[in-house]
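> Mind folding the following:
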Amino acid sequence: MASRNHPSMIKSQRSNDPADDINVLLLGHIGVGKSTFINGLANYLCYDTLEEAVNDQMQVIIPSAFFWYDCDTFEEYMVKVGLNDGYEEFNEKGQSCTQQCRSFVFQVGEKKLRIIEAPGIGDNRGLDQDNKNFQEILTFISQYEHLNGICILLNPNEERLTILFRFCVNELLRHLHESAKENIIFVFTNARSTFFQQGSASKVNDGLSFTARVYGV
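All right, here's what the predicted structure looks like:
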């Protein structure tokens, strides 16, 4: 088991790439849960048990928000955690929208795990903003000497990819070194409704797998 991390050991960084660090890029649509995934990882590494986490302070390294429904009054409330910063904004659904790339470094044993959060694909400001976001991703990861893996986050009931999402994945594969292409994994979020199975997203997985094979994965 990895040693516990003090909250001060979880840092947000824009650069710095020691050769022995593990660098992982997170990709996904807006609202798929990249920020929540990172916040969850911070708590998993800080606390060994759920009871320990409940009795201590929740680790929130990225401001997040979600809606909660009162079963008695049927009223809807937005719950926010963390302090707002220039990196995150919330859309009308309360989803956290990452504005630019940044990395979070976790100390795991003697290794440093760097999670690179990218802006979500499918920005509601239009295609031009998506193109800017994609160029931001390429520019940001180019400062690192190596990329150990790519996590593509998907909703379990997502049956098809948008043309834009497929384009971004294709272009990213085209720009990456072959060693990174061998370490692509799919992560399903919000999976409680499908009993933590991939659901109908298996069709998307098959499509992405075909794309990956075209690029030599």
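> what ranges do the strands span in this protein?
11-13, 22-27, 64-69, 76-81, 88-90, 96-98, 102-108, 111-117, 149-154, 184-188 (DSSP state E).
> And those strands: which comes nearest residue 132?
strand 96-98 (13.1 Å; CB to CB). From N, CA and C alone the C-beta is placed, and that goes for glycine too.
> Return the distance of the closest residue to residue 27 other than its chain neighbours relative to residue 98.
Closest residue to residue 27 apart from its sequence neighbours, by CB to CB, 6 or more residues apart in numbering: residue 152 at 5.1 Å. In this view, residue 152 and residue 98 are 15 Å apart by CB to CB, to the nearest Å.
> Check residue 141 too.
Taking CB to CB, one finds residue 141 at 15 Å from residue 98.
> and if you look at residue 123?
10 Å.
> residue ranges for the helices of this protein, please.
34-46, 50-55, 127-141, 163-175, 178-181, 202-214 (DSSP state H).
> Name the residues of stretch 57-74 that come out as buried.
Across stretch 57-74, burial judged by 16 or more other CB atoms under 10 Å covers 59-65.
> And the residues you listed, which two are furthest apart?
Among these, 59 and 65 lie farthest apart (CB to CB), at 16.4 Å.
> ok, residue 27 touching residue 153?
Yes: counting by CB atoms under 8 Å, residue 27 sits close enough to residue 153 to count as a contact (6.9 Å).
> which one of those two has more residues nearby?
When neighbours are counted by other CB atoms under 10 Å, residue 27 and residue 153 differ, and residue 27 comes out ahead with 24 against 20.
> Enumerate every residue touching the more buried one.
118, 121, 150-153, 168-169, 172 (CB atoms under 8 Å, 6 or more residues apart in numbering).
> Please repeat the previous calculation with a cut-off of 10 Å.
Applying CB atoms under 10 Å, 6 or more residues apart in numbering to residue 27 gives the contacts 34, 116-121, 137, 150-154, 165, 168-169, 172, 184, 187.
> show me where pLDDT drops low in this protein?
1-18, 84-97, 159-164, 177-181, 194-217 (pLDDT under 70).
> mind redoing it with 50?
Along the chain, the parts satisfying pLDDT under 50 run over 1-9, 94-96, 210, 214-215, 217.
> can you give me phi and psi for residue 119?
phi -60, psi 150 (degrees, to the nearest 10).
> Neighbours of it, how many?
Residue 119 has 23 nearby residues by other CB under 10 Å.
> Verify the stated contact: residue 62 with residue 33.
No: counting by CB atoms under 10 Å, residue 62 stays clear of residue 33, with 11.2 Å between them.
> circling back: beta partners of the residue nearest to residue 27?
residue 27, residue 186 (DSSP bridges).
> right, and it touches residue 37 too?
No: between residue 152 and residue 37 there is no contact under CB under 10 Å: 11.7 Å.
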